[in-house]
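>>> Curious how this folds, go ahead:
(chains A and B)
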2 protein chains.
Amino acid sequence: MKLLLLSNSTNAGEAYLDYPKYEIRKFLGQAPIEALFIPYAAVTFSYDDYERKVNERFAEIGHAVTGIHHFADPVDAVRNAKVIVVGGGNTWKLVRMLYLNKLILPVREKALSGAPYLGWSAGSNVACPTLRTTNDMPIVHPIGFETFNLVPFQINPHYTDSHQQNHAGETREQRIEEFLAENRKTYVVGLREGTMLKYEDNRLCMIGERKARIFRFGCAPKELSENDSFDFLYE
Amino acid sequence: MKLLLLSNSTNAGEAYLDYPKYEIRKFLGQAPIEALFIPYAAVTFSYDDYERKVNERFAEIGHAVTGIHHFADPVDAVRNAKVIVVGGGNTWKLVRMLYLNKLILPVREKALSGAPYLGWSAGSNVACPTLRTTNDMPIVHPIGFETFNLVPFQINPHYTDSHQQNHAGETREQRIEEFLAENRKTYVVGLREGTMLKYEDNRLCMIGERKARIFRFGCAPKELSENDSFDFLYE
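Residues are numbered from 1 along each chain as shown, chains lettered A, B, ... in the order given. Have a look, this model is predicted:
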């Protein structure tokens, strides 16, 4: 299996998908690839616009995507894909559309068969067993909570340490602690913006200058960097 | 119907339930009341601790609560209740427990019959038709998305205008815009901390020094104060 799971598409103030583009090229290789793009997390803009935005950046690194919405049979499109790319947006909308189009199992099988899977934000969240560590508002019923289950842990994308002053709402860490209280055996990787997880050759590593924060019930959170091993997440 | 729906239990830096206590006394009246307390939104602390915390403040205003977890038959407890109090915490856990205990309809019927309903945060969210405007992490499957449906609009509790600098995640307003794109006929009330909605004598009003921000698909958001009428939310 080959996975590249980004916390976010874009760092604040930068061009769309700019910060990870060279890592994406390294992940996909030099030979031009036409990847299948799943834009279902888009809510306030069209799938065509989303595809165009991704292609602008992919063109810079010699690759391209085609939106799954152009195919009459989405399951077939997944079966014939060489690479799966799942964009961010609203996780609930994404998961609902995946269920409506019966894509959960086909995408999982495709990734297990070795086709590279690239996701960012909601697209990284759905690589996990469930959507239960999303930050998004549940604007639609997702039909199911189970997602692709390509990694045995949960990712919290856009992980942040900051908390608004004079605001009584929960911090991100408190939200994850609530998750752990109800899901005691699951690791959660708080993936800060600008960082990503890569799984290749049966090894999991983190890429990026900031550390990842690893949570497990009953354990003090751990801060791990690019130089640390992440393989314990598979134990 | 009599509803008091608070954005939050507690303003940052203040004692638990302190800011709304006099409004709660006004809402419940002078005669001492033993209210039924639903503490199911608690995740990282016990129902007993939660009940104790609420009773500390209620004692100051001459009232008391009894947690529903003390009753062998929760449906019966609701049917016999004089007042329903639903505390905040994690909305998903709260809704799951409400479904597991088959309480959605009994609480709705109780409130429709005229028993005062007091909620804060998650407890205000579940007074709405669905949980779809919660800010909470979906740490458990809620069984259903439909909630008490005591008001015809959605509340977003802890509504905030602020956004972390250099963070690419969505602002609260963007999240609500996503909700509206998928739920075009529903009003959303962004209820800022320190404010509450009160429904009494067939009138809805807002209480608090900050304004509420009202959202509807295709309309510019409106800022309304204590002095404005909120009755249009029922049109």
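
>>> For the rest of this, base every contact and every neighbour count on C-alpha atoms.
Noted.

>>> What's the per-residue pLDDT of the residue of chain A most remote from its centre here?
Most distant from the centre of chain A: A:Asn166, at 31.3 Å, with distances by CA atoms, centre = their mean. Looking at A:Asn166, its pLDDT is 81.

>>> if you skip the residues just before and after it, what's nearest to it?
Closest residue to A:Asn166 apart from its sequence neighbours, by CA to CA, 6 or more residues apart in numbering or on different chains: B:Ala12 at 5.1 Å.

>>> part of a helix, is A:Leu233?
Yes. According to DSSP: H, G, I helix; E, B strand; the rest coil, A:Leu233 belongs to a helix.

>>> who's in contact with it?
Residues in contact with A:Leu233 (CA atoms under 8 Å, 6 or more residues apart in numbering or on different chains) are A:152-153, A:187.

>>> For A:Leu224, grab phi and psi.
Phi and psi for A:Leu224, reported as degrees, to the nearest 10, are phi -120, psi 140.

>>> What parts of chain A come near chain B?
By CA under 8 Å from any CA of the partner chain, the part of chain A that sits against chain B consists of A:8, A:10-13, A:43-44, A:90, A:131-141, A:145, A:158, A:162-164, A:166-169, A:175-179, A:181-183, A:193.

>>> Show only the entries of those residues found in strands.
Among those, the residues falling in strands (DSSP state E) are A:His158.

>>> filter the residues of chain A next to chain B to the buried ones?
By neighbour count, with 16 or more other CA atoms under 10 Å in any protein chain shown, the residues of chain A next to chain B hold A:8, A:10-11, A:43, A:90, A:131-140, A:145, A:158, A:167-169, A:175-179, A:181-183, A:193 as buried.

>>> Please, which helix or strand holds the residue nearest the centre of chain A?
The centre of chain A sits closest to A:Ser124, judged by CA atoms, centre = their mean, with a distance of 1.0 Å. Per DSSP states H and E: A:Ser124 is located in helix A:122-125.

>>> quick one: contacts of that helix?
Residues from elsewhere that reach helix A:122-125, judged by CA under 8 Å, 6+ apart: A:5-7, A:41, A:85-91, A:94, A:118, A:131, A:133-134, A:154-157.

>>> where's A:Ser46 relative to A:Pro39, distance?
Distance, A:Ser46 to A:Pro39, by CA to CA, to the nearest Å: 9 Å.

>>> Let me see the confidence value for A:His163.
Looking at A:His163, its pLDDT stands at 81.

>>> now A:Gly13
pLDDT, read off for A:Gly13, is 88.

>>> List the residues that contact it.
Residues near A:Gly13 by CA under 8 Å, 6+ apart: B:Asn166.

>>> If we use 7 Å, what do you get?
Listed by CA atoms under 7 Å, 6 or more residues apart in numbering or on different chains, A:Gly13 has no contact partners.

>>> and it, what are its phi and psi?
As for A:Gly13, its main-chain torsions (degrees, to the nearest 10) stand at phi 90, psi 0.

>>> Now do it against A:Ile176, distance only.
According to CA to CA, A:Gly13 stands 27 Å off from A:Ile176.

>>> other SSEs contacting the lengthiest helix in chain A?
Secondary structure of chain A read by DSSP state H shows that its longest helix is helix A:47-60. Applying 3 or more CA pairs under 7 Å, 6 or more residues apart in numbering or on different chains; DSSP states H and E, one finds that helix A:47-60 contacts strand A:64-67.

>>> From B:Asn135, how far off is A:Pro138?
According to CA to CA, A:Pro138 stands 9 Å off from B:Asn135.

>>> Now do the same for A:Tyr199: helix, strand or coil?
Applying three-state DSSP: A:Tyr199 is strand.

>>> what's around it, how many residues?
By the criterion of other CA atoms under 10 Å in any protein chain shown, A:Tyr199 has 20 neighbours.

>>> Sounds good, over and out.
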